[in-house]
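Peer 1: how does the following fold in three dimensions:
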Amino acid sequence: MDQLIQHLVNTLILGGTYALLGIGLTLIFGIMNVVNFTHGALYTVGAYLMYLAVSALGLDFFLALPAAILGGLLFGAAIEILLLRPFRGQDIDTVMLVMIGAGIALQSGTLWIFGGVAKAIPSPFPEAPLQFGPVSVSWLRLFVLGAALLLIGLTYALINRTKLGLAMRAAFQDADTAALMGVNVRLIDTATFAIGSSLAAAAGALLGPVYVVYPQMGGLAELKAFAIVILGGLGNVTGAAIGGFILALAEELGAGYVSSGYRDAMGFLIIIAVLLYRPTGLFARAERVG
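Peer 2: All right, here's what the predicted structure looks like:
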């Protein structure tokens, strides 16, 4: 029982960052109908920006996190303006190739700039974990959970409680009608891609100090993001959040009760089952954004 409780606590911590990844990816797809193959690379960029801010520039850890998120936001806006906007209206194959190329370029750029050696990000938290009876949790992981939940809450508030969120949902429903009603659809596309990218960067910046940072770290993260989106239903923000925690639970239980070597495989086995029996996702619905 003690082991199960520990796995459930680990699920909450890991699930928060997975939810950020999934929400960012499904937000972009739901509003822009773009499959973002730079998502994993932006996750890596967020982790390296966190490393650069803390280790190279000596910025305070708690200031470095919003700086890394802002960097992801700016990267996303630049990708949308420079690469996606010129190809709007093109067939989906062309856009996918552009995004795949951009993802490879970003990954190669981090390898060229930082090298292939893994980097560690120092944190200000004590090494000794918190003890709650038989359960132990590090201070850093608790901070990661709190920050992830805060970012998820802010994203929901942005989508459902602001004029920008209203315009984003209107663009999803019918971009042409939204444009006739005065919505700047180009600006909404840029904002959507930037926000989705910032969430991927946030996940990387949060998990970077927990593990280590290396150029290829985004590859598996991107696959997990797609798995989360498939679980929750394409374009369903709530489904993506829940899917992130489901994937984390599957990984934790698989690693704890089957084999640690199957940690990553367990989640994808669930994805196969979902695709077989409910291809639209567990939480698919008519209005998928917001």
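
Peer 1: pretty sure Glu127 is in a helix, no?
Peer 2: No. According to DSSP: H, G, I helix; E, B strand; the rest coil, Glu127 belongs to no helix; its state is coil.

Peer 1: quick one: it from Leu8, how far?
Peer 2: 23 Å (CB to CB, to the nearest Å). For every residue, glycine as well, the C-beta is placed using N, CA and C.

Peer 1: same drill for these two, tell me which one is more crowded.
Peer 2: It is Leu8, of Glu127 and Leu8, that has more neighbours when counted by other CB atoms under 10 Å, with 13 against 8.

Peer 1: that one: which element?
Peer 2: helix 2-32 (DSSP states H and E).

Peer 1: please save the CA atoms from whichever helix or strand comes after that helix in PDB.
Peer 2: Going down the chain from helix 2-32, the next helix or strand is helix 39-51, by DSSP H and E. C-alpha atoms of helix 39-51 as PDB (Å, rounded to 0.1, in the frame of the first residue of the first chain):
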ATOM      1  CA  HIS A  39       6.600  20.800 -29.800                       C
ATOM      2  CA  GLY A  40       9.300  18.500 -28.600                       C
ATOM      3  CA  ALA A  41      12.000  20.900 -29.800                       C
ATOM      4  CA  LEU A  42      10.300  23.800 -27.900                       C
ATOM      5  CA  TYR A  43      10.200  21.600 -24.800                       C
ATOM      6  CA  THR A  44      14.000  21.200 -25.200                       C
ATOM      7  CA  VAL A  45      14.400  25.000 -25.800                       C
ATOM      8  CA  GLY A  46      12.500  25.700 -22.600                       C
ATOM      9  CA  ALA A  47      14.900  23.500 -20.600                       C
ATOM     10  CA  TYR A  48      18.000  25.000 -22.200                       C
ATOM     11  CA  LEU A  49      16.700  28.500 -21.600                       C
ATOM     12  CA  MET A  50      16.200  27.600 -17.900                       C
ATOM     13  CA  TYR A  51      19.800  26.200 -17.800                       C
END
